[in-house]
Every structure is written in structure tokens, then in C-alpha cells.
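Q: sharing a model that was predicted from the sequence below.
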Amino acid sequence: IACKKDLRGKKVLVTAGPTQEAIDPVRYITNHSSGKMGYSLAKACMLRGADVTLVTGKTALTPPPFITTVPVISAKDMYEEVTARSAGMDMIFKAAAVADYRPVHIADEKIKKSDSSASIDLKRTDDILKYLGEHKTPGQFLCGFSMETENMLENSRKKLKKKNLDMIIANSLKMEGAGFGGNTNVVTVITEDFEKELGKLTKEETADRILDQILAQRGEV
Ligand code: CTP
């Protein structure tokens, strides 16, 4: 496809989709992530000439052609696959919706119901993005994602700083045309000294505009 190969030679890692945290052999905890934003970014990077690895939770999507796809199930799987590959990457996009908590115990057998109420003990998963921020290699560009239902800009700016990111892509679930499942998104691109809302675009267009912003800021276009 004819498009500018302005990411030629770049090694890009994208994570996408939800994680699944098993409770027992039948049940798991997950979220509404469709994977579309991450898959769109992986495809856009590939079309622009990058060498792309996509680490993806379970989605209904077909991975784009001409990329390396690494399927994972849980936050722990994603942590292992991402941290094993991150050091050699020029750019990392952490679009996956990683579970913040997982069950303390995974039951070997199906949990049977009883007449009383039930609860599940949860513990924190390892924060992959935080690890990446702490182990950033020279020149590596790290981009996180942030989905909020309130105080989107303020919370996202906090994450940018706290996790040592170069950029965070924020979207509000409250915004029409943004969020889970749909083909469009309304995101705000945030860096330390820059903030821009991209407006309602398809997730594919959003991916291209995000890449344009990064290259413009690095003076590479
Ligand atoms: N993330 C991650 N590993 C986790 C959890 C999240 O890499 N265990 C990444 C996501 O891929 C995303 C970003 O962190 O890029 C989201 O930031 P996070 O602080 O986890 O957002 P929330 O969970 O929404 O924050 P909070 O619970 O503070 O609202």
C-alpha cells in the first residue's frame, strides 16, 4: 500500500486487548476491551514500514498481516512476553487493558455454589507499563493509554509522570464516539509540554494521527 514509510527500520511493540484472570477452570475476570485501538496502531506502524510485534490478549480480531503476533491470556503472561522483548524496541505502545487485580487462588476444580454469598480475594498484578518506564532504554519512546470516567486530563497527566512515559493517550468513556468496542475514538494526546485532542476519528485514523504527532515532536518529519 502506498504510504509514507516514515517508520522504516523502527522496531515497535504494541500491546492490545483485554487480559483474562482465571478464577477456576470455568470462570475469569476481564474487561470490555475489543483490541481495536491497539490493532489499528500495529497495522499503521506496519504500513509505515516498522517491524511490529503485537502482544495481544484474546480478541475477536484478525491480526494485521506482516507483523509478529504473540497471543497471551493473563496479565502475568503479558508481563512476561513484553518484558522479554522490550529492551530492543524503539517504540512501545501499551494499548492493552491489563487487569489491575487477579484472584489470589485459582481453584483447580469448578467452584460450586452454596446458599450463602461469596467473595473472591484479589491481589494486584504487576504493572507492565511501570516496569517499562523504569527500564526505558536510551532513545526508546514509551506511550501509555488511559481510560477514565472522570478527571481524565488530570489523572492521565499523573500517570504520564508517575510511570515515566513519553506520551499518554487519554480517552474518556463519557465522550460520545469514544471508548470500548466502537470503530471511532476521541483521544487526547498528552506529553510533558503538549496536549491536543484529536477529535472524533476512526481508530485507524486515530492511530495514524498519534504516529504523526510522535514523529513531528521528534523532528523526524
Ligand atoms: N497497564 C499495565 N499493566 C498493568 C495495568 C495497566 O501495563 N498491570 C497499562 C495499560 O496498558 C495502560 C496504562 O497502564 O497503558 C493504564 O494505566 P493505569 O494506571 O493502570 O490505569 P488505570 O488502571 O485505569 O488507573 P487507575 O486504577 O489508577 O484508575
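A: It's in.

Q: pLDDT weak spots in the protein?
A: The chain contains residues with pLDDT under 70 at 1-2, 220-221.

Q: go ahead and flag the most central residue of it.
A: With distances taken as CA atoms, centre = their mean, Ala95 lies nearest the centre of the chain, 1.3 Å away.

Q: helix, strand or coil for Thr69?
A: Judged by DSSP: H, G, I helix; E, B strand; the rest coil, the three-state class of Thr69 is strand.

Q: next, count neighbours for it.
A: Using other CB atoms under 10 Å, Thr69 is surrounded by 16 other residues. Every C-beta, even on glycine, is put in place using the N, C-alpha and C of the backbone.

Q: same check, this time on Ser119
A: Neighbours around Ser119, by other CB under 10 Å: 5.

Q: same question, the one 5 residues further on
A: Residues contacting Arg124 under the criterion other CB under 10 Å number 10.

Q: measure it to Lys76 for me?
A: Plainly put, Arg124 is 12 Å away from Lys76 if you go by CB to CB, to the nearest Å.

Q: assess the claim that the residue nearest to the centre of the chain and Pro18 are in contact.
A: No: applying CB atoms under 8 Å as the test, Ala95 and Pro18 come out as separate, 11.0 Å apart.

Q: what does this structure put close to the ligand?
A: With the criterion set to CB under 6 Å from any ligand atom, the chain comes near the ligand through 75, 94, 96, 98, 100, 125, 127-129, 144-147, 159.

Q: for the biggest helix by length in the chain, packing partners?
A: Secondary structure of the chain per DSSP state H: the longest helix is helix 203-217. Applying 3 or more CB pairs under 8 Å, 6 or more residues apart in numbering; DSSP states H and E, we find helix 203-217 packed against helix 36-47, strand 141-148, strand 167-172, strand 184-191, strand 194-202.

Q: can we see that at 6 Å?
A: helix 36-47, strand 184-191 (3 or more CB pairs under 6 Å, 6 or more residues apart in numbering; DSSP states H and E).

Q: with mean neighbour count as extra columns, can I get the ones you listed in a markdown table?
A: Shown next, in a markdown table, are those (neighbours: other CB atoms under 10 Å):
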| stretch | mean neighbour count |
| --- | --- |
| helix 36-47 | 26 |
| strand 184-191 | 21 |
